[in-house]
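Enquirer: Curious how this folds, go ahead:
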Amino acid sequence: MKDQKVLSTISGSLPKPKWLAETGKLWGQWKLTGTKLQKAKLKALKQTVKDQETCGLSIITDGEQTRQHFVTTFIENLSGVDFKNKKKVRIRDRYDAMVPVVKSKIRRKKNIFVNDAKHLRKLTKLPIKISIPGPMTMVDTLYDDYYGSREKLAWRFAEVLNEEAKLLEKAGVDIIQFDEPAFNVFFDEVEKWGVKTLERAAKGLKCKTAVHICYGYGIEANIKWKKSLGKQWLQYKNVFPKIAKSKINQVSLECINSKVPMSLISLLKGKDILVGCIDVATQKVEKPKEIYIVLKKALKYTSKKHLYSCSNCGLITLPRKIALQKMRALSKGTNLLN
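Expert: Numbers count the residues shown, from 1 in each chain. Predicted structure coming up:
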């Protein structure tokens with residue numbers, strides 16, 4: 001029997017081409033419109049698949065090439081949300097942003113990422129993963145003027161996400177990942193309703209499900225916040241026991257260059273662990289040996305059967321050249337373990 005191999009992937013976003021959108025930004029503006037934009041998005045999707053395969057990754061994502069932002073693009077395709085009259089909110093209790101306002105009942109107007117998933121499925125024979133925002137993180141990226149309760153709004157988002165997720169599964173997606181960076185901030189809500197709404201979003205899915213919980217993109221507000229967290233980052237300790245009891249299959253977490261004790265992985269017994277081996281907050285490219293060392297440490301607390309290598313978060317804010325080098329290092333470092 002062959003030894004179990006560790007698979008490699010990224011958590012979600014990759015840098016967009018300069019001809020498609022502004023680079024190095026979370027909300028980079030599109031440089032094209034109409035049918036030209038749609039064709040350019042598909043061209044970028046094709047390129048990002050080729051990049052991941054060339055770098056040697058095992059599981060391919062869409063690199064979020066067709067979305068402006070990992071949360072708001074989903075919300076743009078819902079009715080009940082006013083994008084014209086935005087209001088300021090404090091996102092993740094860290095930075096201010098002008099966000100859309102919930103004005104009436106949330107409904108899904110159309111398929112959102114399903115066509116992208118179908119294109120992605122045609123472009124590669126490898127397993128594919130699509131990321132969608134989790135209910136709590138969606139709530140935290142909006143101003144609510146209708147439901148009057150973060151929990152009520154989260155349950156509605158969970159229902160809508162589940163509709164989309166079932167169609168993504170039908171389109172051939174192997175792993176559906178729910179991005180929940182808000183889980184690292186609002187612990188009381190995670191305990192009361194966060195994991196429950198996440199499970200509702202994943203209800204009935206037969207493909208693998210994942211939740212990505214990190215300390216954020218490599219932007220100034222997140223870097224500053226991390227510096228305030230002390231010698232050890234123990235936020236996962238509040239969240240992992242609850243997730244361990246859930247039906248979610250995989251947990252994607254931040255590890256390399258963080259102060260997260262690797263021993264916290266042991267709280268996720270039986271789950272697949274996507275260990276962050278790529279730091280998205282720096283342009284310094286990891287050496288394969290560094291990635292290998294992180295994975296070896298993780299193996300003290302989980303089995304090779306449940307271990308995957310991944311990035312800490314999305315690579316959207318990095319230069320494309322750096323992102324490619326980091327993905328190659330991720331693949332090579334993982335192969336040292338295989």
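
Enquirer: can you pull the contacts of the closest residue to Thr9 other than its chain neighbours?
Expert: Nearest residue to Thr9, sequence neighbours excluded (CB to CB, 6 or more residues apart in numbering): Ile59, at 3.8 Å. In short, each C-beta sits where N, CA and C put it, glycine included. Ile59 makes contact with 7-9, 126-129, 174-175, 308 under the criterion CB atoms under 8 Å, 6 or more residues apart in numbering.

Enquirer: From these, which land in strands?
Expert: 7-8, 128-129, 175, 308 (DSSP state E).

Enquirer: From these, keep the buried residues only.
Expert: 7-8, 128-129, 175, 308 (16 or more other CB atoms under 10 Å).

Enquirer: With respect to Ile75, which of those is nearest?
Expert: Lys129 (21.1 Å; CB to CB).

Enquirer: Look up how far Pro288 lies from the closest residue to that closest one other than its chain neighbours.
Expert: With sequence-adjacent residues excluded and distances taken as CB to CB, 6+ apart, Lys129 is closest to Ile175, at 4.0 Å. Separation of Ile175 from Pro288 (CB to CB, to the nearest Å): 24 Å.

Enquirer: just Thr72 next, same as before
Expert: Note on Thr72: its distance to Pro288, by CB to CB, is 35 Å.

Enquirer: quick one, which of the two is more surrounded?
Expert: Neighbours per residue (other CB atoms under 10 Å) separate Thr72 from Pro288, with Thr72 holding more: 20 against 17.

Enquirer: who are the neighbours in contact with the more buried one?
Expert: 27, 99-100, 141.

Enquirer: Which members of those are the farthest-apart pair?
Expert: Distance extremes for the contacts of Thr72: the farthest pair is Trp27 and Pro100 at 12.3 Å, using CB to CB.

Enquirer: more neighbours, these two?
Expert: For Trp27 versus Pro100, the count of surrounding residues by other CB under 10 Å is larger for Pro100: 20 against 11.

Enquirer: If Val275 is in a bridge, with which residues?
Expert: On the basis of DSSP bridges, Val275 is bridged to Leu253, Ser309.

Enquirer: Touching, Lys305 and Gln4? I think so.
Expert: Yes - with contact defined as CB atoms under 8 Å, Lys305 and Gln4 form a contacting pair (5.1 Å).

Enquirer: Neighbour count for these two, which is higher?
Expert: The residue with more neighbours, out of Lys305 and Gln4, is Gln4; 12 against 9, by other CB under 10 Å.

Enquirer: Name the nearest residue to the more buried one, ignoring sequence neighbours.
Expert: Lys304 (4.6 Å).

Enquirer: what's the burial count for that neighbour?
Expert: Each residue near Lys304 was counted by other CB under 10 Å, and the total is 14.

Enquirer: and the gap between it and Leu7?
Expert: Lys304 sits 11 Å away from Leu7 when distances are taken as CB to CB.

Enquirer: again with Gln68
Expert: Note on Gln68: its distance to Leu7, by CB to CB, is 29 Å.

Enquirer: ok, now Tyr236?
Expert: Applying CB to CB to Tyr236 and Leu7 gives a distance of 22 Å.

Enquirer: Relative to Lys88, which of the ones in strands among the contacts of Ile59 is nearest.
Expert: Distance to Lys88 across the ones in strands among the contacts of Ile59 (CB to CB) is lowest for Lys129, with 33.1 Å.

Enquirer: close enough to count as contact, the closest one and Gln177?
Expert: Yes - in this structure, Lys129 is within contact of Gln177 by CB under 8 Å, at 5.9 Å.

Enquirer: Show me whatever sits in contact with both of those two.
Expert: With CB under 8 Å, 6+ apart as the test, Lys129 and Gln177 both reach Ala210.

Enquirer: Quickly find the element holding the spatially closest residue to Tyr143 that is not a sequence neighbour.
Expert: Leaving aside its sequence neighbours, Tyr143 sits nearest to Lys87 (CB to CB, 6+ apart; 4.1 Å). Per DSSP states H and E, Lys87 falls inside strand 78-91.

Enquirer: And the next helix or strand past that strand?
Expert: Next helix or strand after strand 78-91 toward the C-terminus (DSSP H and E): strand 95-108.

Enquirer: Which pLDDT value does the model give Glu254?
Expert: We have a pLDDT of 91 for Glu254.

Enquirer: For it, list the residues it contacts.
Expert: Neighbours of Glu254 in contact, by CB under 8 Å, 6+ apart: 213-215, 260, 276, 312-313.

Enquirer: go with 7 Å
Expert: Contacts for Glu254 were tallied using CB atoms under 7 Å, 6 or more residues apart in numbering; they are 214-215, 260, 276, 312-313.

Enquirer: Point out where the stretch 151-300 of the chain drops to low pLDDT.
Expert: Applying pLDDT under 70 to the stretch 151-300 of the chain flags residues 216-219, 221-223, 225-226.

Enquirer: I figured Tyr146 hits Val101, correct?
Expert: No - Tyr146 is beyond contact range of Val101, at 8.6 Å (criterion: CB atoms under 7 Å).
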